[in-house]
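Visitor: pasted the sequence and its predicted model underneath.
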Amino acid sequence: MIKGLSETVTMNNGQGIPGFGLGVFDAKGKAVYDAVRYAIDAGYRHIDTATLYGNEKEVGRAIRESGVAREEIFLTTKLWPTDFDDPQKAFDLSMRKLDCGYLDLYLLHWPGADEGRRLKAWEFVLDQVDKKNIKTAGVSNFLICHLEELKEKTGTIPANNQIEFHPWHQQRELCEYCRQQGIVVTAWGPMFHGHLNEEPLMPKIGNKYGKSAAQATLRWALQKDVVIIPKSARQERIIQNADIFDFSLSEEDMRAIDALDGKGTYSFDAMTFDGDVKAERASRK
Ligand code: NDP
C-alpha cells in the first residue's frame, strides 16, 4: 500500500504509476483546467483523462502551465471503442490536444463487443509503445475473459486494468485474477461514482477517525491496494481527498465496508457495450 500522494506502484513493464491520482470525468473548460492546477499544486502527480471526456486540451494546458516538469507527471488517456477501427486518427487527435509529448498510459477504454476490432486496437497500442509515444499499454473495464483472450491471441498481459471499484462493487474475482497476472488495478468511481451520500455507513466510519465519508471511502480502497483516481473539481475537496495517509481503518471497519459489496454498479455491460452511450442508456429505460 502506498504511504504518500506521489508514491508509485511498479507495473509489470517496470514503469511506476502513482497510486493516487486525479480523475477528470465530467469536468470541462475552466473547471477542469483549474482542477488539474489545484491538484498539481496539492502534490498530485497523476492525472486520468479520456477522449470521451472532451477535456484533453485543457488538461494538457494545465499540465504544461503547472510549472512541474512533464516527467514528474503521470498522464493517462483512453481510446473509445467507436475509434477502434481507426485508432491512429483518435490517438493523433488526443496527442495534439494534450500536447504533452508522450503518454504515460494509454488504455482501451472498454473492450467493445467485437474481438477483431479489439485485438486490432490493442496491437495499435502496443505499436505506439514500440514507437515510444506511450510508456505503458493498458486496458479498462476488461473482464477475465477479455484478459485471457489478449494473453492467448497476442501473448501479452496489460500492465493496468482500470475498473469500477468501490464498496458497492468490489469485483473481487477480477481483482484477484489481475493480482495473479501482475496487472495493476486502478479503481474508477472510488467514491461510488458520485453517489457517496447514498451510503450511510461511510460518514459513520469517517466520524470515528475524525475524517469525512469521502476520506474513509478512499482510505478503504487504498488499504485494498488498488490505485485510486478520485475526481473533484473543487479545490478544498481535491486537498481533502488526498489527506488520507495519516490514519488507518481497523480490520473491523474494513470488514464492515467489505460487507457492502453488491449494492450497486454504474458500469455498462462489458460483454455487449460497443461505445454507443446514448443507445445503451436508452436500452436501460
Ligand atoms: P468518483 O467516485 O471519483 O466521484 C466523483 C464525484 O464525487 C463528483 O461528483 C465529485 O463532485 C464528488 N466528490 C469529490 N470529492 C468529494 C468529497 N470530498 N465529498 C463529497 N463528494 C465528493 O467518480 P468518477 O466516476 O469521477 O471516477 C473517478 C475517475 O475515474 C473519473 O473522473 C475518471 O477519470 C475515471 N473513470 C473511468 C471510467 C472508465 O470507464 N475507465 C469510468 C468512470 C470514471 P465535485 O467535482 O463537485 O467535487
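Guide: It's in. Everything numeric in this text was worked out from a predicted model, so none of it was measured.
Visitor: dump the residue contacts of A31.
Guide: For A31, the contact set (C-beta atoms under 8 Å, 6 or more residues apart in numbering) comprises A233. Where C-beta positions appear, they are placed from N, C-alpha and C, glycine not excepted.
Visitor: ok, it to the ligand distance?
Guide: Relative to the ligand, A31 is positioned 8 Å away (criterion: C-beta to the nearest ligand atom, to the nearest Å).
Visitor: okay, buried residues for the strand or helix carrying that residue please.
Guide: Assigned by DSSP states H and E, A31 falls within helix 29-41. By neighbour count on 16 or more other C-beta atoms under 10 Å, the buried set for helix 29-41 is 32-40.
Visitor: the helix or strand just after it - contacts with which helices or strands?
Guide: The helix or strand immediately downstream of helix 29-41 is strand 46-48, counting by DSSP H and E. Applying 3 or more C-beta pairs under 8 Å, 6 or more residues apart in numbering; DSSP states H and E, we find strand 46-48 packed against strand 22-23, strand 74-79.
Visitor: who's in contact with the residue of the stretch 1-150 of the chain found nearest the ligand?
Guide: The ligand sits closest to G23 of the stretch 1-150 of the chain, with a gap of 2.3 Å, by C-beta to the nearest ligand atom. Applying C-beta under 8 Å, 6+ apart, we find G23 in contact with 48, 188, 229-231.
Visitor: show me those that map onto strands.
Guide: If you go by DSSP state E, the contacts of G23 have 48, 188 in strands.
Visitor: can you give me the neighbour number for N207?
Guide: Neighbour count for N207, taken as other C-beta atoms under 10 Å: 12.
Visitor: to clarify, my last question referred to F91.
Guide: Applying the criterion other C-beta under 10 Å, we find 22 residues in the vicinity of F91.
Visitor: surely it is within a helix?
Guide: Yes. F91: assigned to a helix according to DSSP: H, G, I helix; E, B strand; the rest coil.
Visitor: for it, give me its contacts.
Guide: For F91, the contact set (C-beta under 8 Å, 6+ apart) comprises 79, 106, 124, 128, 133.
Visitor: which phi and psi does the residue lying closest to H193 once chain neighbours are set aside have?
Guide: Distances taken as C-beta to C-beta, 6 or more residues apart in numbering put Y266 closest to H193, at 4.4 Å, once the chain neighbours are dropped. The phi and psi values for Y266, taken as degrees, to the nearest 10, are phi -120, psi 10.
Visitor: then S140?
Guide: Torsion angles, degrees, to the nearest 10, at S140: phi -150, psi 140.
Visitor: list the contacts of the residue nearest to H193.
Guide: Y266 sits next to 164, 169, 189, 193, 195 when contact means C-beta under 8 Å, 6+ apart.
Visitor: pretty sure V59 is in contact with A39, am I right?
Guide: No. Taking C-beta atoms under 8 Å as the definition, V59 is not a contact partner of A39, at 10.5 Å.
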